[in-house]
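A.B. asks: What would the 3D arrangement of this be:
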Amino acid sequence: MVAERPSGAGRPSGATEATATTDQRIKVAVKDLAIHYGAKKAISGINFEIREHEIFGIIGPANSGKTSFLRALNRMDDFTPSMRVTGEVVFDGHEVRKWRNVYALRSKIGVVFPLPVGLPLSIYDNVALSPRLSGIKKKAALDAIVERCLTRAALWDEVKDRLKSLGSLLSGGQQQRLTIARALSQDPELLLLDEFSIAVDPVTTMRIEDVLKELKDEITIVLVTNLVQQARRLADRTAFFLTGEMVEVAETEELFTGTVQDQRTRDYVEGRFG
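C.D. replies: Numbering: from 1, shown residues only. Predicted coordinates:
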C-alpha cells in the first residue's frame with residue numbers, strides 16, 4: 001500500500017489541534033481504522049487527515065469500503081450491531097467513540113445519502129425540524145433558518161411560494177437539495193455526501209456542485225463518489241479506496257495528472273477498471 005501520511009495523523013484523543021503543511025487546521029484524523037461486519041472485513045489500515053475547509057474526495061469501485069468509512073465518522077455503526085470499528089477517528093481533537101453525547105457529535109456532522117430521504121413533512125418543516133429539536137421555537141428565527149438553508153442548497157427560489165407543500169412532492173433533484181438544506185439546518189462543521197448525484201439529473205448535479213464549492217468556505221466536506229470526474233471537479237484532495245484498502249491520497253490534480261505512486265490508481269482514474 002502507498003499512502004500519504006501527513007504529520008500528526010491520527011493524533012490521540014484529547015489533542016486539540018494539528019497543523020498541516022498548508023497551515024490548514026486538521027478537522028479529521030484517521031489512524032489504523034478497520035471495520036468488520038461480523039467476520040467480513042470492509043476496510044483496514046486506513047490512515048489520513050482531512051483538513052478544515054476542504055472538499056476531500058473518496059473514489060473507488062463498489063465494495064471498496066467508502067460508505068463504511070462515512071458510517072464510522074459519525075457513529076452510524078451504532079445502528080448496526082454486526083459492524084465493529086477499531087482504530088481511531090479523531091474529530092476536532094476528540095476520538096468520536098469517546099463522545100459521551102453521540103447526538104451532540106451527530107449535530108456537528110451532517111449526512112446526505114445517495115437517494116433523497118424526504119421526511120413526511122412540508123418543505124418548511126423538513127428544514128425546521130432540527131432547529132426545533134435544538135430548542136429554537138420563535139417563528140421569525142425558524143423562518144430565517146429555513147430561508148438561509150434553502151438558499152444555500154440552491155432551492156429557495158424554486159419553493160419559496162409553496163413551503164407548506166409536502167417535500168415528497170418535489171422532483172428527485174429538488175428532494176436531494178432539500179436533503180442538503182436539512183443537513184445544513186443543524187449548522188454542521190462537517191458534511192458527508194455519499195453518492196449524492198446517483199439519482200439526480202446532470203443539470204441539478206452541476207447546481208449542487210456549485211453549492212458545494214461555496215459551502216467549503218464555511219464547512220469541511222467529505223465527498224464519496226463513483227464518478228471520478230466529479231471528484232476531479234470538486235475535491236481539493238482525493239483518496240483512492242480499493243477492496244477495503246486506501247491505496248493512496250494526494251492533491252486531486254496530482255492524483256489525476258501527476259506521477260501517481262500506484263499503478264492501480266492510474267488504472268482506475270483512466271477508466272481501465274471500476
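A.B. asks: can you pull out the strands in the protein?
C.D. replies: 26-37, 40-51, 55-59, 83-91, 94-95, 109-112, 190-194, 220-224, 237-242, 245-251 (DSSP state E).
A.B. asks: how about these in a markdown table, adding mean pLDDT, mean neighbour count and distance to Asp157?
C.D. replies: C-beta here means a position set from N, CA and C on the backbone, and glycine is covered the same way. Formatted as a markdown table, those follow (pLDDT from 0 to 100; neighbours: other Cβ atoms under 10 Å; distance: least, Cβ to Cβ, whole Å):
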| stretch | mean pLDDT | mean neighbour count | distance to Asp157 |
| --- | --- | --- | --- |
| strand 26-37 | 96 | 20 | 31 |
| strand 40-51 | 95 | 20 | 32 |
| strand 55-59 | 97 | 26 | 24 |
| strand 83-91 | 95 | 19 | 34 |
| strand 94-95 | 93 | 17 | 39 |
| strand 109-112 | 92 | 23 | 20 |
| strand 190-194 | 95 | 23 | 22 |
| strand 220-224 | 97 | 25 | 23 |
| strand 237-242 | 96 | 26 | 32 |
| strand 245-251 | 94 | 21 | 35 |
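A.B. asks: got these as TSV, with distance to Cys149 columns?
C.D. replies: What follows is the strands of the chain, written out as TSV (distance: least, Cβ to Cβ, whole Å):
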stretch	distance to Cys149
strand 26-37	21
strand 40-51	23
strand 55-59	19
strand 83-91	22
strand 94-95	26
strand 109-112	11
strand 190-194	12
strand 220-224	16
strand 237-242	27
strand 245-251	31
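A.B. asks: of these, which approaches Lys160 most closely?
C.D. replies: strand 109-112 (21.6 Å; Cβ to Cβ).
A.B. asks: Tell me the confidence at Val203?
C.D. replies: Looking at Val203, its pLDDT is 88.
A.B. asks: and it, how many neighbours does it have?
C.D. replies: Here the number of neighbours of Val203 (other Cβ atoms under 10 Å) works out to 8.
A.B. asks: Nearest spatial neighbour of it, chain-adjacent residues omitted?
C.D. replies: Gly173 (7.8 Å; Cβ to Cβ, 6 or more residues apart in numbering).
A.B. asks: Near that neighbour, how many other residues are there?
C.D. replies: Residue neighbour count, defined by other Cβ under 10 Å, stands at 21 for Gly173.
A.B. asks: my guess is it contacts Met206, does it?
C.D. replies: No. Between Gly173 and Met206 there is no contact, the gap being 10.6 Å when judged by Cβ atoms under 8 Å.
A.B. asks: Distance of Thr252 relative to Leu242?
C.D. replies: 17 Å (Cβ to Cβ, to the nearest Å).
A.B. asks: Near Asn126, how many other residues are there?
C.D. replies: Neighbours of Asn126 (other Cβ under 10 Å): 27.
A.B. asks: Not counting its neighbours along the chain, what's nearest it?
C.D. replies: Gly167 (4.6 Å).
A.B. asks: Neighbours of the one you found, how many?
C.D. replies: Applying other Cβ under 10 Å, I find that Gly167 has 24 neighbouring residues.
A.B. asks: Give me the residue ranges of the stretch 151-274 of the chain where confidence is low.
C.D. replies: Low-confidence segments of the stretch 151-274 of the chain (pLDDT under 70): 274.
A.B. asks: So which residues of it form helices?
C.D. replies: 156-159, 172-184, 202-215, 228-234, 252-257, 263-269 (DSSP state H, counting those that start in this stretch).
A.B. asks: buried sites along the shortest one?
C.D. replies: Right, the one you point to is helix 156-159. 156, 159 (16 or more other Cβ atoms under 10 Å).
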